[in-house]
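S.K.: Mind looking at a prediction? Sequence and model below.
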Amino acid sequence: MKSWPVQDAKARFSELLDTCLREGPQLVTKRGADTAVLVPIQDWHRLQQSARPTLKDLLLAQTPRGDMPLPQRGRLHRRPPGNVE
């Protein structure tokens, strides 16, 4: 993976993008520290899909995930018995 200082990445963005599409992910550094990675969209979609668990994975997990927000349970609004029309 080629490394691009942020100044070069800004000045030569079109070249950075072309290199990314041709060769794969490109690393951008700021003040010598790794800061960001430019990846082709196909790679990004693949990474997003692999990071998202399927319903099957969630149901078969040994332990429940603590980071999954659960919806609030609402009050049930039932009709009183005997009022069937």
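M.R.: Looks like it came in fine.

S.K.: hey, which helix or strand in this structure has the poorest pLDDT?
M.R.: helix 55-60 (a mean of 83; mean pLDDT, DSSP states H and E).

S.K.: Buried residues, that one. List them.
M.R.: The neighbour-count check on helix 55-60 (16 or more other CB atoms under 10 Å) flags nothing as buried. Yep, even glycine has a C-beta here, placed from its N, CA and C like the rest.

S.K.: starting at the chain centroid, how far to that helix?
M.R.: 19 Å (CA atoms, centre = their mean, to the nearest Å).

S.K.: low-confidence ranges in the protein?
M.R.: 66, 68, 70, 83-85 (pLDDT under 70).

S.K.: go again using 50 as the cut-off
M.R.: In the predicted model, the chain carries no residue with pLDDT under 50.

S.K.: Quick one: the strands in it, in order.
M.R.: Ranges of strands in the chain, per DSSP state E, are 3-5, 26-30, 33-38.

S.K.: So which elements touch the shortest one?
M.R.: Packing contacts for strand 3-5, counted by 3 or more CB pairs under 8 Å, 6 or more residues apart in numbering; DSSP states H and E, involve strand 26-30.
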